[in-house]
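Could you look at this predicted model? Sequence included:
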Amino acid sequence: MQFMGYKRPEGRAGIRNHVLILPGCACASETCRVVASQVKGTVNVVFNTGCSDVAANTQMSQRVLVGFALNPNVYGVVIVGLGCETVPHKELREKIQRLTSKPVVSFGIQEEGGTVRTIEKAVRAARQMVAEASKQLREPCEMSDILLGIECGGSDATSGIAANPVVGELSDMLVDMGASTMMSETIEFIGGEHMLARRGATKEIHNRIINMCRDYEAHLAAAGQDCRAGQPTPGNKAGGLSTLEEKSLGCILKGGTRPVVEVLEEAERPTKQGALIMDTPGYDIASVTSMVAGGCNIVVFTTGRGTPTGHALAPVLKVTGNRETFQRMEDNMDFDASAVTMLEKDVPTVAQDLLRDVLATCSGRTTKAEAYGFSDIAVDHVCRFV
Amino acid sequence: MKPNALLLKPSDNVVTCISPVKKGEPVVYRRGDELCSFPALEDIPYCHKAAIQNIAVGEEIIKYAQSIGVALTNLPTGSWVSHLNIRGVPRDYDSELI
């Protein structure tokens, strides 16, 4: 099986061919928005960090920025920095250029003499980059080029009954065909971590999954907080999920059954092919941000209550097992898996249909969130701002 | 009778209702080839759980063949099981390491 994608000089192929207008810090986000609005073929992200931060947070922000630039769906990058941020635009650009040969340029707002002058230069650079990108054609790509991020948000009881088992089956099919899949959201392993750990390809991975959950709870406890205060969410409870254990046991089904070959830190890039796990918060927006920074070129997102979320770089395909939600929020839902909930179809049959839609998306079909231009991002923090 | 609830694993002591069930109406679920039913003791909303056997206070609630918490009150067959009458239990991570 193959799909039509954009080959890159190194690493996986892209399923989109964006020019990314990337702020080096929060202060450049608005300038990037204006640049992107001027040049068709570009996307921007809004960044809320990059300054007045402790080292661990800076490291996280940098990992996300560099990861976005390296994402295979990105043809080239126009960076806009301010000039007094923690990591200057030139340093960020050089860091990216050491890891990729894709085109990267950068500008500083203070250096250029304000946003108007910066926008003029950045628009011109973006236009030229888009012209180059537009010459590239889609070519047949192998399944190993797919790195699927697996996410859930706004879960209800149907998530663990239909949407997550269907996506789990999809994940198994993709892994068997040579693709890689990445599941995240450590908080939503808690209560099912003993089951998930059994998928560890090695004893080390088994124990790392358990310790990841323990460390997450301990991290929050050190700040006097309990993860169970925010989980399950009020929406989860209204949707029939009563405890974190119940939510997690349903959540982990979306990762399928294949051996977990690598566990990644948040926004870290994988070194192995197969079923992967990333240590992220249960907050879906932060989790998708981290997985896309880790290189996911497509995201499948299961939901019970319904959510519109999307990401600028990677298409996010919504799957629900709740028929009411699919009908009520059809403008935001991409795939209806409710036939499983209603005992009309079995999981493998519905997963085949989903695989077809995932491959169509990889070959260029837009998801609903993508068509609306939705671009949610949240960079996780390990510590308060300073 | 058509099933209006799902038993996910044979050892579970709750089912999930796939349509709202009114007090006194039957909760119907499939156990293998067999159809089982019991009357709902109260209104049970769509997506919510019903106890399929008597669960005493402190006993585990089993779904996906795993514990999802313990009962805070006695939950006779047909009870609506929700976040209001069960709670999670802290994990024992040490025992899970290999």
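Ah, there it is.

Sticking with the residue nearest the centre of chain A, tell me its helix or strand.
Note on chain A: the residue nearest the mean C-alpha position is residue A:288, at 2.9 Å, using Cα atoms, centre = their mean. Assigning secondary structure by DSSP states H and E places residue A:288 in helix A:284-293.

so after that helix, what's the next helix or strand?
Of the helices and strands lying after helix A:284-293 in sequence (DSSP H and E), the nearest is strand A:298-303.

just the angle between the very next helix or strand once past that next one and strand A:298-303, please?
If you walk from strand A:298-303 toward the C-terminus, the next helix or strand you reach (DSSP H and E) is strand A:316-320. Computed by axes from the mean of the first three to the mean of the last three Cα atoms, to 10 degrees, the angle separating strand A:316-320 from strand A:298-303 equals 30 degrees.

Quick check: neighbours of strand A:316-320 in the sheet, parallel or antiparallel?
Partner strands and pairing direction for strand A:316-320 (DSSP bridges) are strand A:298-303 (parallel), strand A:335-336 (parallel).

contact partners of the longest one?
The one in question is strand A:298-303. A:15, A:146-155, A:159, A:163-164, A:167, A:170, A:254, A:284, A:288, A:291-292, A:307, A:309, A:311, A:314-321, A:325, A:333, A:354, A:358, A:361-362 (Cβ atoms under 8 Å, 6 or more residues apart in numbering or on different chains). Backbone N, C-alpha and C define where each C-beta goes, glycine included.

Apart from its chain neighbours, what residue comes closest to the residue nearest the centre of chain B?
Nearest to the mean C-alpha position of chain B, by Cα atoms, centre = their mean, lies residue B:14 at 1.8 Å. With sequence-adjacent residues excluded and distances taken as Cβ to Cβ, 6 or more residues apart in numbering or on different chains, residue B:14 is closest to residue B:49, at 4.3 Å.

Just list the residues touching that neighbour, thanks.
By Cβ under 8 Å, 6+ apart, the neighbours of residue B:49 are A:157, A:240, A:242, B:14, B:15, B:16, B:17, B:61, B:63, B:80, B:81, B:82.

beta partners for it?
Residue B:49 forms beta bridges with residue B:16, residue B:81, as assigned by DSSP bridges.

From residue A:156, how far off is it?
In this view, residue B:49 and residue A:156 are 12 Å apart by Cβ to Cβ, to the nearest Å.

what touches both of the two?
Common neighbours of residue B:49 and residue A:156, counting by Cβ under 8 Å, 6+ apart, are residue A:240.

Please identify which helix or strand holds residue A:34.
helix A:29-38.

after that helix, next one along is what?
Downstream of helix A:29-38, the next assigned helix or strand under DSSP H and E is strand A:42-44.

Let me see the mean pLDDT of that following strand.
Averaging pLDDT along strand A:42-44 gives 98.

Sheet partners, orientation included, of that strand?
Within its sheet, and counting by DSSP bridges, strand A:42-44 is paired with strand A:18-23 (parallel).

ok now the partner strand, how far from the chain's centre?
On the basis of Cα atoms, centre = their mean, to the nearest Å, strand A:18-23 sits 16 Å off its chain's mean C-alpha point.

the inter-axis angle of it versus helix A:29-38?
Put simply, strand A:18-23 runs at 150 degrees to helix A:29-38, going by the same axes, to 10 degrees.

Quick check: phi and psi on the most far-flung residue of chain A relative to its centre?
Distance from the centre of chain A peaks at residue A:113, with 34.8 Å (Cα atoms, centre = their mean). With angles defined as degrees, to the nearest 10, residue A:113 sits at phi 90, psi 40.

Quick one: residues contacting the residue nearest to the centre of chain B.
With contact set as Cβ under 8 Å, 6+ apart, residue B:14 has these partners: B:49, B:50, B:51, B:52, B:61, B:62, B:63, B:81.

name the helices or strands packed onto the longest strand along chain A?
Longest strand in chain A by number of residues (criterion: DSSP state E): strand A:74-81. Helices and strands touching strand A:74-81, by 3 or more Cβ pairs under 8 Å, 6 or more residues apart in numbering or on different chains; DSSP states H and E, are strand A:18-23, helix A:29-38, helix A:55-70, helix A:89-97, strand A:104-108, helix A:115-133.

Partner strands of the shortest one, with direction?
The pairing partners recorded for strand A:104-108 under DSSP bridges are strand A:74-81 (parallel).

Quick check, pLDDT for the residue farthest from the centre of chain A.
On the pLDDT scale, residue A:113 gets 98.

just residue A:227 next, same as before
If you check residue A:227, the pLDDT there is 85.

cool, the one 4 residues further on as well?
The predicted local confidence for residue A:231 comes out at a pLDDT of 86.

Can you get me a residue count around residue A:200?
The number of residues packed around residue A:200, counting by other Cβ atoms under 10 Å in any protein chain shown, is 20.

Surely it and residue A:206 touch.
Yes. At 3.6 Å, residue A:200 and residue A:206 qualify as touching, with contact defined as Cβ atoms under 8 Å.

where does the residue nearest to residue A:336 when sequence neighbours are not counted land in three-state SS?
Spatial nearest neighbour of residue A:336, chain neighbours left out: residue A:326 (4.4 Å); criterion: Cβ to Cβ, 6+ apart. Counting by DSSP: H, G, I helix; E, B strand; the rest coil, the backbone at residue A:326 sits in helix.
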